[in-house]
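Peer 1: structure of the sequence below:
(2 chains)
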There are 2 protein chains.
Amino acid sequence: MTEKNEYYSEEKHGLHEYFELGDFSLVSDEVLLGARIAYKTAGVLNEAKDNAVLFPHMWSGTSASMESFVGSDRPLDPSKYFIIFPGQFANGFSTSPSNAATPQSGGNFPNIMIGDDVIAQHRLVTEKFGISQLQLVTGWSMGAEQTYEWAVRYPDMVKRAVPIAGTAKTTPHNYIFVRSHENAIKSDPAWAGGLYSKSSDVHVGLQRHAETWSVMGLCSDFYKQEIWREIGFDSLEGFLTGFWGAYFAPMDPNNLIWMGWKWRHGDVSLNTENDLDVALSSIKAKVTAVAFSNDMFFPPTDIAAEVNKIPNAQYEEIESLWAHFAMFCMNDRDKNAIDDVYRRVLAS
Amino acid sequence: MTEKNEYYSEEKHGLHEYFELGDFSLVSDEVLLGARIAYKTAGVLNEAKDNAVLFPHMWSGTSASMESFVGSDRPLDPSKYFIIFPGQFANGFSTSPSNAATPQSGGNFPNIMIGDDVIAQHRLVTEKFGISQLQLVTGWSMGAEQTYEWAVRYPDMVKRAVPIAGTAKTTPHNYIFVRSHENAIKSDPAWAGGLYSKSSDVHVGLQRHAETWSVMGLCSDFYKQEIWREIGFDSLEGFLTGFWGAYFAPMDPNNLIWMGWKWRHGDVSLNTENDLDVALSSIKAKVTAVAFSNDMFFPPTDIAAEVNKIPNAQYEEIESLWAHFAMFCMNDRDKNAIDDVYRRVLAS
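Peer 2: Numbering: from 1, shown residues only, chains lettered A, B, ... in the order given. The predicted structure follows:
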């Protein structure tokens, strides 16, 4: 069993609640033993149970990652909406390589699919809260993958969907770059097939991963215009170390790898015998798919290509040199553009 | 001393000639001992010595890499032009980590700059051939970096310049991704600071490098549309292994690393006290800068931004899903588009 990693603590990510799933049958037919998902909520579910928003999180994130979109002055007003932030498997709070019991701990954790997350979230939403329709499902990056999965798997439950900077089916290019990121961690002999005794033993692999991530994660003009100065860095190397390096260093390597595997296998067409057109045309939600210009992870053209196959969907592109990471709202322009999408969608 | 690597042989790359430079003072003030550059030529230098074209090669290439542009039916007709293909330092034929004598062999090789290559080429062109003006200097990728360096360092000698998919000053994004590629090789413990005994000992590092290279090297639509089928592969994994893996596997890891270091330090403004505007405005050549759409190595916007600072320059963009590797002319469309640029430029 891996030594406890203090990064995944309520001190750092706030209070969580847990929904117990028991021994949970995975899409792969394997069973995740004693499974549970962590989650957070904001606001109050009304009596009609029709004011709920579901906001799954991105790769490497937790249920705390998107909380900043909630507030009386933010697009998700908790006096109006009941917002659920479900934690995906392998995020360090839900059942994960870092916290699973033997015989599924660490490198012995089973592979999980986006569908598994969404089935577990569906149980939370229906069994725990008795919700039959969600006003909005939204997420960024892997959160967008979960959003699409929701819209395909439970078309009658999703009234509006706002997938941001993500796709319904991972492209081959996306697949190979995410795998290369996983392999950057695995290249460290200390990873030892995932059976290291503590996360920090794999610091070399985490550092290599941060380096490869910094390349695809942001665009040429971001670096050329030294946009990192916006957030207080005064050198490129300082930014690489102090932003990317510091972001990943405390995390559990296996959690990142298992979330990465899940990311690159995301594919709503697994629900429709590999026919993506059938899957996307079955969506009933009003979809607003948002792409970030300059995004090398999920290029706008890949997002736009899918939107054309969804009956009631529109495509929007937000211009930002923060590229995929515009969702971090590092400047007011990005924040206002994203807020504006949510406000318009929720008002419609 | 590294064991001889049969990849760098005339059996594989044709006959070379060598120009001896002796102990060669580098831009860094270090001295490259017993230096020489390998080169090839095609056609005959006329009596007026005014029909010469210089075609330096890209990273990982040799003097043989661009020979396919020469022929009676190709843009560089050897019955008309005298074409010189100079080999850059560290290419395995010119003085390189793989062939340098002690004490500069392998990991002890000094760092080389693009300026060093161009100074050595200038000596070849002037001392060996007595040429005072080149009809055309052209190159792709690192070859474009050398082309720009020529146009800035020897403005009166370059009549026309066609830098293709490269920049005069390496951008920070380009710098960090090339460094990450070098680090993929160095991550292999067998690299041993460059002091391995034979290239193939570092096969794991070369394979990791091929993986990271495949990600930035080609665009999402290339992989989505399975353009690799054009060249006879029938699976993605087959392409990754059989194309990228096979391309790099026989090469010398240090040669790749030292060429990479040179690539990412490319910067014509080192000639003008770091003032890029001054450097680019000093160019007298008629410049036709070519970008490939979808190129993640040298994005069109980076190339276009520099062209605006050159007095007599125009920008052209060639649409290709082969992205940076359109120069390989894997299909007739790419080949015709590139040929057309050369024909127009040489006719002007």
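Peer 1: mind listing what's buried in the strand of greatest length in chain A?
Peer 2: Using DSSP state E to define each element, chain A has its longest strand at strand A:31-42. Across strand A:31-42, burial judged by 16 or more other Cβ atoms under 10 Å in any protein chain shown covers A:32, A:35, A:36, A:37, A:38, A:39, A:40, A:41, A:42. For the C-beta atoms, the positions are set from N, CA and C on the backbone; glycine is no exception.
Peer 1: ok, those residues vs chain B, which is closest?
Peer 2: Of all those, chain B sits closest to residue A:32, with 28.2 Å by Cβ to the nearest Cβ.
Peer 1: near chain B, which residues of chain A show up?
Peer 2: Proximity of chain A to chain B, by Cβ under 8 Å from any Cβ of the partner chain, involves residues A:171-174, A:176-177, A:179-180, A:183, A:187, A:189, A:208, A:211-212, A:214-216, A:218-224, A:226, A:236, A:240, A:296, A:299, A:301-302.
Peer 1: if I look at the spatially most central residue of chain A, how far off is residue A:258?
Peer 2: Closest to where the C-alpha atoms of chain A average out (Cα atoms, centre = their mean) is residue A:58, at 1.7 Å. Counting by Cβ to Cβ, to the nearest Å, the separation of residue A:58 from residue A:258 is 15 Å.
Peer 1: just residue A:155 next, same as before
Peer 2: Applying Cβ to Cβ to residue A:155 and residue A:258 gives a distance of 28 Å.
Peer 1: can you list the weak-confidence ranges in chain A?
Peer 2: The model of chain A has pLDDT under 70 over residues A:1-2.
Peer 1: can you give me the strands for it?
Peer 2: A:17-25, A:31-42, A:52-54, A:82-86, A:136-140, A:160-164, A:286-292, A:313-318.
Peer 1: the third one: partners in the sheet, and parallel or antiparallel?
Peer 2: When you say that, I think you mean strand A:52-54. Sheet partners assigned to strand A:52-54 using DSSP bridges are listed as strand A:82-86 (parallel), strand A:136-140 (parallel).
Peer 1: give me the angle between the first one and strand A:17-25.
Peer 2: Using axes from the mean of the first three to the mean of the last three Cα atoms, to 10 degrees, the inter-axis angle of strand A:82-86 relative to strand A:17-25 is 50 degrees.
Peer 1: what of the last one?
Peer 2: Angle between the axes of strand A:136-140 and strand A:17-25 is 80 degrees (criterion: the same axes, to 10 degrees).
Peer 1: only C-alpha atoms, please: export strand A:136-140 in PDB.
Peer 2: Extracted in PDB, the C-alpha atoms of strand A:136-140 (Å, rounded to 0.1, in the frame of the first residue of the first chain):
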ATOM      1  CA  LEU A 136     -26.900  21.800 -16.900                       C
ATOM      2  CA  VAL A 137     -24.000  19.400 -17.200                       C
ATOM      3  CA  THR A 138     -20.700  21.100 -17.800                       C
ATOM      4  CA  GLY A 139     -17.000  20.400 -17.600                       C
ATOM      5  CA  TRP A 140     -13.700  21.300 -19.000                       C
END
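Peer 1: any idea how many residues pack against residue A:342?
Peer 2: When neighbours are counted by other Cβ atoms under 10 Å in any protein chain shown, residue A:342 registers 21.
Peer 1: try residue A:180
Peer 2: That count, for residue A:180 with other Cβ under 10 Å as the rule, works out to 21.
Peer 1: quick one, phi psi at residue A:251?
Peer 2: phi -80, psi 170 (degrees, to the nearest 10).
Peer 1: that one reaches residue A:199, doesn't it?
Peer 2: Yes: assessed by Cβ atoms under 8 Å, residue A:251 is found in contact with residue A:199 at 6.9 Å.
Peer 1: which one's more surrounded, the two?
Peer 2: residue A:199 (25 against 22).
Peer 1: and the more buried one, what is it in contact with?
Peer 2: Applying Cβ atoms under 8 Å, 6 or more residues apart in numbering or on different chains, we find residue A:199 in contact with A:2, A:3, A:5, A:7, A:98, A:206, A:250, A:251, A:252, A:253.
Peer 1: coming back round to it: which one of the strands of chain A lies closest to residue B:21?
Peer 2: strand A:286-292 (49.5 Å; Cβ to Cβ).
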